[in-house]
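Peer 1: structure here, sequence nowhere to be found:
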Ligand SMILES: O=C(O)CNC(=O)[C@H](CS)NC(=O)CCC(=O)C(=O)O
């Protein structure tokens, strides 16, 4: 199955971001991609997330559904800010949920995953500090979805640093881990490739990191370098730090063969259950 990752530099306002993403989605579909992934905060980066956040059925969600339907592809909207949880309850202001939304080729919503780990960190130099938990509420459910016969484990950006989430997704049938991201230029240069390849090697999964790139504002820059690692930990395709489309093939036989030779996913001895505040969807 051919997949595509859309890499670009989002600004604060949805209009230009959606126009840019739409052109790249059409291009990726024309190149034969069946599953297209947009980065974290693809529709709005760094603005007033609560003011832009949607209820179920909002216009940014409708845009994703229309893109999937018009191009006839599976489309993962990296994250959109939503004011409701999956059960319809309200997220208290000023926070929102960072929801990763998967639409099928018919335009129907097939899965929702809300980012579990929030990026509260001090990044060196001009990048300054991040306090994601001041503006976002953490998710509370795990989600694996089927796309063209592949088990797709949903995760977002900073989640990449937590191998226990990758492991829990594998236990639930994930064969491909996707990380739509807005990984910073500073932490990306240090850790992005290392973390993506490590998650692949330790789980026997393909790992797809779809990142933003470039300078969003004076103090915010993203690393780019969207890449696909295969289950052996080889980088099979990678972008540089400019906007672009990552195209690559997922092969079921690569997953099966790697897992047959090195079945680490069946050998783990320290198995832990989910904590009380995290559930299966
Ligand atoms: O704050 C914003 O508006 C934009 N930021 C984001 O979109 C998110 C949440 S703050 N970025 C990350 O999670 C970076 C993680 C990362 O870079 C790492 O783990 O090293």
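Peer 2: Okay, I see it. Just so you know, these numbers come straight off a predicted model, no measurement behind them. Numbers count the residues shown, from 1 in each chain.

Peer 1: going forward, measure contacts and count neighbours with C-alpha atoms only.
Peer 2: Noted.

Peer 1: partner residues bridging the spatially most central residue of the chain?
Peer 2: The residue lying closest to the centre of the chain (Cα atoms, centre = their mean) is residue 180, at 2.3 Å. For residue 180, the beta-bridge partners are residue 210 (DSSP bridges).

Peer 1: next: residue 244.
Peer 2: For residue 244, the beta-bridge partners under DSSP bridges are residue 7.

Peer 1: in contact with it, which residues?
Peer 2: 6-8, 24 (Cα atoms under 8 Å, 6 or more residues apart in numbering).

Peer 1: what about 10 Å?
Peer 2: Residues near residue 244 by Cα atoms under 10 Å, 6 or more residues apart in numbering: 5-8, 24, 28, 213, 224-226.

Peer 1: quick check: the gap between it and the ligand.
Peer 2: 19 Å (Cα to the nearest ligand atom, to the nearest Å).

Peer 1: what do you get for residue 84?
Peer 2: Distance from residue 84 to the ligand, by Cα to the nearest ligand atom: 19 Å.

Peer 1: cool, residue 121 as well?
Peer 2: In terms of Cα to the nearest ligand atom, residue 121 sits 8 Å off from the ligand.

Peer 1: ok so, going back, mind listing which of the contacts of residue 244 are in helices?
Peer 2: Using DSSP state H, the subset of these located in helices is 24, 28.

Peer 1: which of the contacts of residue 244 lies closest to residue 112?
Peer 2: Residue 112 lies nearest to residue 5 out of the contacts of residue 244, by Cα to Cα, at 18.4 Å.

Peer 1: go ahead and confirm the closest one touches residue 35.
Peer 2: Yes. Between residue 5 and residue 35 there is a contact under Cα atoms under 10 Å: 8.7 Å.

Peer 1: ok, these two, which is more surrounded?
Peer 2: Ranked by neighbour count (other Cα atoms under 10 Å), residue 5 and residue 35 place residue 5 first, with 30 against 24.

Peer 1: ok, now which ones touch the more buried one?
Peer 2: Taking Cα under 10 Å, 6+ apart as the definition, contacts of residue 5 comprise 24-25, 28, 33, 35-39, 76, 180, 208-211, 226-228, 238-239, 244-248.

Peer 1: tell me which stretches of the stretch 151-281 of the chain form strands.
Peer 2: 176-181, 206-211, 213-217, 220-223, 227-229, 235-238, 244-249, 279-280 (DSSP state E, counting those that start in this stretch).

Peer 1: can you list the neighbours in contact with the last one?
Peer 2: Just to be clear, that refers to strand 279-280. Contacts of strand 279-280 with the rest of the structure, by Cα under 10 Å, 6+ apart, involve 139-144, 172, 274.

Peer 1: skipping adjacent residues, who's closest to residue 108 in space?
Peer 2: Once flanking residues are discounted, residue 108 sits nearest to residue 65: 6.5 Å by Cα to Cα, 6 or more residues apart in numbering.

Peer 1: report the separation between that neighbour and the ligand.
Peer 2: As judged by Cα to the nearest ligand atom, residue 65 and the ligand stand 22 Å apart.

Peer 1: element containing that residue?
Peer 2: Residue 65 belongs to helix 59-71 when assigned by DSSP states H and E.

Peer 1: in that helix, which residues are buried?
Peer 2: The neighbour-count check on helix 59-71 (16 or more other Cα atoms under 10 Å) flags 60-61, 64-69, 71 as buried.

Peer 1: same check on stretch 92-109?
Peer 2: Under the neighbour-count criterion of 16+ other Cα under 10 Å, stretch 92-109 has 95-109 buried.

Peer 1: now do the phi/psi pair for the residue of the stretch 1-150 of the chain found nearest the ligand.
Peer 2: Nearest residue of the stretch 1-150 of the chain to the ligand: residue 46, at 3.4 Å (Cα to the nearest ligand atom). Taking degrees, to the nearest 10, you get phi 80, psi 0 for the backbone angles of residue 46.

Peer 1: that one: what's its closest spatial neighbour, skipping adjacent residues?
Peer 2: Using Cα to Cα, 6+ apart and skipping residues adjacent in sequence, the residue nearest residue 46 is residue 12, 5.7 Å away.

Peer 1: and residue 42, by the same measure?
Peer 2: Excluding the flanking residues, the one nearest residue 42 by Cα to Cα, 6+ apart is residue 10, at 5.9 Å.
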